[in-house]
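Trainee: curious how this folds, go ahead:
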Amino acid sequence: MSEGGNTSYTDSIQRAAIERFPLINVRGVPLMNYIANNFDSIWDFTPDPSDLLIATYPKSGTTWTQEIVDLLLHNGDAEICRRAPMTERIPLLEIFAPPPIPSGLELLSKMDPPRVIKTHLPFQLVPPGFWENKCKAIYVARNARDNLASYYHFDRMNKSQPDPGPWEGYIHKFMRGELSWGSWYEHVKGYWKEREERNILYLFYEDMKENPRREVERIMRYLELSLADDVIGRIVALTSFESMKDNPMANYTFIPERVFVHSISPFMRKGEVGDWTNHFTPEQLRMFEEDYEKQMNEFDIPFRTNI
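Mentor: Numbers count the residues shown, from 1 in each chain. Predicted coordinates:
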């Protein structure tokens, strides 16, 4: 996309009335009011069978996975994958915001299948057309401790989400599922339960950090692609945290500062496994782990909090 296209997109955000939007429950899941008020049209969305869904709880490696997929689909061509900001290349299905910002549905309506579509919706809120049409879906999960820490800093810098308040209170909001897109626990469990029946490729952030080439190849095989070894190596390099942090089409610096205040916390902050150790006090960790065991005791999902 031309520079003019990029400017038009950011200009629309500049002109919109941005505020910290309140949350409204949709079938028990708190969503930002613009999303909640338009949920019927989101639920009615019918994807093409060739469309691919990338689903995550926020701050679980979403942008990383999007960039990997885009590069795989374009044979590792970095220039093609800088054709537009990530929000335009792979729209967030459910996003609605004040005019003139285009909704995810508007952006998707202007794209020809096969499309790659992003969502943070928990499994039960994903439009049923994805499963009826047997679309492929990739889910990425991140361990709760790191996910909590990353989401906290994102909510600090994202002026459209509810004010996170202090860290010690945010922990309780996370445990109770009182954040945008709801409960982390229900999110990761929902897709885990359905992964085999729905042919969902369920990935772990920690595995991607530990051996990115192995996980890129897993995604490639799931997409039924076959790329040369040197192309895979190039994709791994282009999707390293350092490379993506310097990529203006992926690092969200294209979102105006009045919405994403990178001086508070950059969108791409650390990208580490184990950063949670810099946040939890011993007492907070004991409390969190007690609650975690209660919420996850019937599920043996192999999360790792360090690698």
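Trainee: which residues does stretch 189-207 contact?
Mentor: 55, 60-61, 65, 122-124, 131, 134, 136-143, 146, 214-215, 218-219, 222, 273, 296, 299, 301-304, 307 (C-beta atoms under 8 Å, 6 or more residues apart in numbering). For the C-beta atoms, the positions are set from N, CA and C on the backbone; glycine is no exception.
Trainee: put the alpha carbons of the one helix or strand I232 maps to into CSV.
Mentor: Assigned by DSSP states H and E, I232 belongs to helix 229-238. C-alpha atoms of helix 229-238 as CSV (Å, rounded to 0.1, in the frame of the first residue of the first chain):
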residue,chain,number,x,y,z
ASP,A,229,15.3,-23.8,4.1
ASP,A,230,16.9,-20.4,3.3
VAL,A,231,13.5,-18.7,3.1
ILE,A,232,12.5,-20.2,6.5
GLY,A,233,15.8,-18.9,7.9
ARG,A,234,15.0,-15.5,6.6
ILE,A,235,11.5,-15.5,8.1
VAL,A,236,12.9,-16.5,11.5
ALA,A,237,15.3,-13.5,11.3
LEU,A,238,12.7,-11.1,10.1
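Trainee: quick one: V140 is in a strand?
Mentor: Yes: counting by DSSP: H, G, I helix; E, B strand; the rest coil, V140 falls inside a strand.
Trainee: S103 versus that one, what's the distance?
Mentor: 24 Å (C-beta to C-beta, to the nearest Å).
Trainee: more crowded one of these two?
Mentor: Neighbours were counted for V140 and for S103 using other C-beta atoms under 10 Å; V140 has more, 24 against 21.
Trainee: hang on, the more buried one packs against T63?
Mentor: No: counting by C-beta atoms under 8 Å, V140 does not reach T63; the two are 10.3 Å apart.
Trainee: L23 against D163, yeah?
Mentor: No: when contacts are counted by C-beta under 8 Å, L23 is not listed as touching D163 (11.5 Å).
Trainee: is there a quick PyMOL command that grabs whichever of the contacts of stretch 189-207 are buried?
Mentor: The buried residues among those can be selected in PyMOL (16 or more other C-beta atoms under 10 Å) with this line:
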select buried, resi 55+60+61+65+122+123+131+136+137+138+139+140+141+142+143+146+215+218+219+222+273+303
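Trainee: next step: the contacts of stretch 189-207 restricted to helices.
Mentor: 65, 131, 146, 214-215, 218-219, 222, 296 (DSSP state H).
Trainee: farthest pair within these?
Mentor: W131 and D146 (29.3 Å; C-beta to C-beta).
Trainee: sorry, back to before: include pLDDT when you put the ones in helices among the contacts of stretch 189-207 into JSON lines, please.
Mentor: Shown next, in JSON lines, are the ones in helices among the contacts of stretch 189-207 (pLDDT from 0 to 100):
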{"residue": "T65", "pLDDT": "98"}
{"residue": "W131", "pLDDT": "98"}
{"residue": "D146", "pLDDT": "97"}
{"residue": "R214", "pLDDT": "98"}
{"residue": "E215", "pLDDT": "98"}
{"residue": "R218", "pLDDT": "98"}
{"residue": "I219", "pLDDT": "98"}
{"residue": "Y222", "pLDDT": "98"}
{"residue": "M296", "pLDDT": "98"}
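Trainee: what's the pLDDT at S2?
Mentor: Note on S2: pLDDT of 34.
Trainee: please renumber so the chain begins at 31
Mentor: Taking 31 as the first residue, the last one we looked at is S32.
Trainee: need the nearest residue in space to the spatially most central residue of the chain, chain neighbours excluded.
Mentor: The C-alpha lying nearest the average C-alpha coordinate of the chain belongs to T92 (C-alpha atoms, centre = their mean; 3.4 Å). In space, T92 comes closest to T86 once its chain neighbours are excluded; the distance is 4.4 Å by C-beta to C-beta, 6 or more residues apart in numbering.
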